[in-house]
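**Q** return atomic coordinates for the entry below.
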Amino acid sequence: MTTYTAATELTFRIRTTRFDEEYSPSSGSRITTNFANLARGENRRENLRGALTMIDRRFNDLADWDNPERDRYTVELEIVSVDLHLDAENGGPGFPLIEILDVQILDKWTGRRIPGIAGNNFSSYVRDYDFSVVLPAHKASGAAEIPSDFGDLHGKLFQHFLASDAYRERFSQPPVICISVSTSRTYTRRDNRHPVLGVEYRQDAFSLTDEYFTRMGLQVRYFMPRGSVAPLAFYHRGDLLNDYSDLALIGTISTMEAFQKIYRPEIYNANSAAGHVYRPSLQDQDHSVTGIAYDREERSQLAVTQGRLTEEQFMTPYRDVLDEWAAAH
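**A** A predicted model of the protein is given here:
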């Protein structure tokens, strides 16, 4: 049994992998991520090429100034894998905590690479554990309310990562996580409009995902960019509308909108755009498909598998260490 002491340190190590047509998930990569799911099977190369093409086209569509042929920019993506080490100086283990995407924008006219925003896609083994193991067990017990500490450890680990030397040495700005709107909420259009993010929407109440990200120190705003058919959820710190450049925001929009069109075509590839009041649905049949293979059912099943793996290899053997560390932070 591992015990916690005042000297116990939680440290992080970052590994990066280029996400391109040659990408193949490593044995340590979370296989439920959008990018890993696309990169398996006999059509993996076609899937990857199709997704990357969608990202580039959407980027150039939004970055249309001084870009008459809509081909000036290329989006380059890196998968950022974060390993958590418990008391690394004493040989503590490394556990694959989270994966995010980092965006770089290549200006083919000038040859300059422009930093985008880290975050984008967000994958977490501990989140799999919370949503696929803890939450179903809690519901099966007959309890009506969500546990008061649901997501607390995960949130503290994430915020500890953002404050770490590993993050600060690699990234100059806080991350922005961009995901789908919730099918359990209704969204109403506001008067506010941003030149890149588009028109803003507001949800009728916090979803469980909203509350989970709040524990991670992130707030949420919803925007539907020009040419989109549904708002995206942007989880962020600070001032989303003013802290990041237009090209950086476009990098996030183009990357995550492409993934959502593949993953949730009923919402993001619908044939009609969201109205003033919008309730997203995965049962909407009036949508187009991208032709890029994505196994949504398999993804859900793997989330359960990985949640149980996290319970067996991380939460159970190190529960005392993690609980005491969380209480001290």
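**Q** average pLDDT for stretch 125-138?
**A** Across stretch 125-138, pLDDT averages out at 92.
**Q** no, scratch that, I was asking about stretch 47-61
**A** Mean predicted confidence for stretch 47-61 is 94.
**Q** can you check stretch 282-290 too?
**A** On average, stretch 282-290 scores 90.
**Q** which one is Phe158 nearest to, not counting chain neighbours?
**A** Met216 (4.4 Å; Cβ to Cβ, 6 or more residues apart in numbering). C-beta: built from backbone N, CA, C; applies to glycine.
**Q** wait, what's in contact with that neighbour?
**A** Shown in contact with Met216 (Cβ atoms under 8 Å, 6 or more residues apart in numbering): Gly151, His154, Gly155, Phe158, Gln159, Tyr235.
**Q** Val196 too?
**A** Val196 touches Leu62, Pro225, Asp246, Leu249, Ile250, Ile253, counting by Cβ under 8 Å, 6+ apart.
**Q** now for those: which two are most distant?
**A** Greatest spacing in the contacts of Val196, by Cβ to Cβ: Pro225 and Asp246 (11.5 Å).
**Q** show me which of those two is the more surrounded one.
**A** More crowded of Pro225 and Asp246, by other Cβ atoms under 10 Å: Pro225, with 21 against 14.
**Q** can you name the residues that contact the spatially closest residue to the more buried one that is not a sequence neighbour?
**A** Leaving out its chain neighbours, the residue that sits closest to Pro225 by Cβ to Cβ, 6+ apart is Gly198, at 3.9 Å. Neighbouring residues of Gly198 by Cβ under 8 Å, 6+ apart: Phe223, Met224, Pro225, Arg226, Ser228.
**Q** out of those residues, which end up buried?
**A** Phe223, Met224, Pro225, Ser228 (16 or more other Cβ atoms under 10 Å).
**Q** could you dump the contacts of Val196 to JSON lines with distance to Ile55?
**A** Below are those laid out as JSON lines (distance: Cβ to Cβ, whole Å):
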{"residue": "Leu62", "distance to Ile55": "11"}
{"residue": "Pro225", "distance to Ile55": "14"}
{"residue": "Asp246", "distance to Ile55": "17"}
{"residue": "Leu249", "distance to Ile55": "14"}
{"residue": "Ile250", "distance to Ile55": "10"}
{"residue": "Ile253", "distance to Ile55": "10"}
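**Q** just give me the closest of those to Arg170.
**A** Once Cβ to Cβ is applied, the member of these that ends up nearest Arg170 is Leu249, at 20.0 Å.
**Q** the closest one is in what secondary structure piece?
**A** Element membership for Leu249 (DSSP states H and E) is helix 246-263.
**Q** and the contacts of the next helix or strand after that helix?
**A** Counting by DSSP H and E, the next helix or strand C-terminal to helix 246-263 is helix 265-268. Identification of contacts with helix 265-268 by Cβ under 8 Å, 6+ apart yields 180-181, 183, 228-230, 257, 260-261, 280-285, 287-290.
**Q** Glu200 contacts Val220, correct?
**A** No - if you go by Cβ atoms under 8 Å, Glu200 and Val220 don't touch, sitting 11.4 Å apart.
**Q** before we move on, the earlier item: now the buried ones among the contacts of Gly198 as TSV including distance to Ile146, secondary structure and pLDDT?
**A** Conversion of the buried ones among the contacts of Gly198 to TSV gives the following (distance: Cβ to Cβ, whole Å; DSSP: H, G, I helix; E, B strand; the rest coil; pLDDT from 0 to 100):
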residue	distance to Ile146	secondary structure	pLDDT
Phe223	27	strand	98
Met224	29	strand	98
Pro225	32	coil	98
Ser228	31	coil	97
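**Q** from the residues you listed, which is closest to Met315?
**A** Closest to Met315, out of all of the buried ones among the contacts of Gly198 and judged by Cβ to Cβ, is Phe223, at 35.3 Å.
**Q** show me where this protein has its strands.
**A** Along the chain, counting by DSSP state E, strands occupy 10-19, 73-86, 94-107, 112-115, 119-124, 176-180, 187-194, 198-203, 219-224, 232-236, 277-278.
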